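[1] Have a look; sequence and predicted model below, questions after that.
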Amino acid sequence: NAGVMQNPRHLVRRRGQEARLRCSPMKGHSHVYWYRQLPEEGLKFMVYLQKENIIDESGMPKERFSAEFPKEGPSILRIQQVVRGDSAAYFCASSPGAGRPGNTIYFGEGSWLTVV
Amino acid sequence: KNEVEQSPQNLTAQEGEFITINCSYSVGISALHWLQQHPGGGIVSLFMLSSGKKKHGRLIATINIQEKHSSLHITASHPRDSAVYICAVIGGGSQGNLIFGKGTKLSVKP
């Protein structure tokens, strides 16, 4: 049973380009979460998705950032018109859809975005 | 003041020592996670607690809901335990809306 798969692991983008980060949850998991870790800072929650629904996007920046988790395929975190401040590690995690708060969550290895 | 505070920030130990990392939080929570972030950056969930104590191998995690405090203990520490240990709580938000501590960087010397 493969774990949470993120790709690419490392991505370099020029200012103004778009970055797309993909996350395939563990088999059988229907809940996906995205977190961001800025350099020298702690992790911050961004967004919580279930299949075809955004459940909680309270941590998402209001502009340029979007996330989806389609019926088929991986979850995508999309950052438009990237700026240097978007350089960070982006972690995806997933959990089973049992509906109980506090389900153990499983993290991916992260995607490191560098904006030059 | 951060909602989740960890101490110490940095910890250096000799192989074999007993290690304690503390986490205090100021919000009501439904659960608390202890996470391990490896030097390469990957994150592993070690424990998820809502009460009492859990043990896995040489790792023990405890939580005191009344005191709003949790501890992570490592017995017979080993250099491979060197990592950043992160406490994260589920506060009033959704189940994935974790509030993270800044982490404790542990280095175990042989």
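    Arrived safely.

[2] All the strands of chain A, in order from the start?
    Secondary structure of chain A (DSSP state E): strands at A:5-7, A:10-13, A:19-24, A:29-37, A:43-50, A:53-56, A:65-68, A:75-79, A:88-96, A:106-107, A:111-115.

[3] To clarify, my last question referred to chain B.
    B:4-7, B:10-14, B:19-25, B:31-37, B:43-49, B:52-56, B:59-64, B:69-74, B:83-90, B:98-100, B:104-109.

[4] can you redo those as JSON lines with mean neighbour count, mean pLDDT and distance to chain A?
    From N, CA and C alone the C-beta is placed, and that goes for glycine too. Below are those laid out as JSON lines (neighbours: other C-beta atoms under 10 Å in any protein chain shown; pLDDT from 0 to 100; distance: least, C-beta to the nearest C-beta, whole Å):
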{"stretch": "strand B:4-7", "mean neighbour count": "18", "mean pLDDT": "96", "distance to chain A": "9"}
{"stretch": "strand B:10-14", "mean neighbour count": "14", "mean pLDDT": "97", "distance to chain A": "13"}
{"stretch": "strand B:19-25", "mean neighbour count": "19", "mean pLDDT": "97", "distance to chain A": "12"}
{"stretch": "strand B:31-37", "mean neighbour count": "23", "mean pLDDT": "94", "distance to chain A": "3"}
{"stretch": "strand B:43-49", "mean neighbour count": "19", "mean pLDDT": "91", "distance to chain A": "4"}
{"stretch": "strand B:52-56", "mean neighbour count": "12", "mean pLDDT": "94", "distance to chain A": "11"}
{"stretch": "strand B:59-64", "mean neighbour count": "18", "mean pLDDT": "96", "distance to chain A": "12"}
{"stretch": "strand B:69-74", "mean neighbour count": "20", "mean pLDDT": "98", "distance to chain A": "13"}
{"stretch": "strand B:83-90", "mean neighbour count": "24", "mean pLDDT": "95", "distance to chain A": "6"}
{"stretch": "strand B:98-100", "mean neighbour count": "24", "mean pLDDT": "93", "distance to chain A": "4"}
{"stretch": "strand B:104-109", "mean neighbour count": "17", "mean pLDDT": "97", "distance to chain A": "11"}
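
[5] sorry, back to before: same list (the strands of chain A) but as a markdown table, adding mean pLDDT and distance to chain B.
    Compiled in a markdown table, the strands of chain A are given as follows (pLDDT from 0 to 100; distance: least, C-beta to the nearest C-beta, whole Å):
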| stretch | mean pLDDT | distance to chain B |
| --- | --- | --- |
| strand A:5-7 | 96 | 10 |
| strand A:10-13 | 97 | 10 |
| strand A:19-24 | 98 | 13 |
| strand A:29-37 | 94 | 4 |
| strand A:43-50 | 94 | 4 |
| strand A:53-56 | 94 | 4 |
| strand A:65-68 | 97 | 12 |
| strand A:75-79 | 98 | 12 |
| strand A:88-96 | 94 | 6 |
| strand A:106-107 | 91 | 4 |
| strand A:111-115 | 97 | 7 |
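
[6] Does B:Phe100 touch B:Cys87 like I think?
    Yes - if you go by C-beta atoms under 8 Å, B:Phe100 and B:Cys87 touch, sitting 7.4 Å apart.

[7] and for those two, which residues touch both?
    B:Val4 (C-beta atoms under 8 Å, 6 or more residues apart in numbering or on different chains).

[8] List the contacts of the residue positioned nearest the centre of chain A.
    Nearest to the mean C-alpha position of chain A, counting by C-alpha atoms, centre = their mean, stands A:Trp34 at 3.4 Å. Applying C-beta under 8 Å, 6+ apart to A:Trp34 gives the contacts A:23, A:46-47, A:49, A:67, A:75, A:77, A:90-92.
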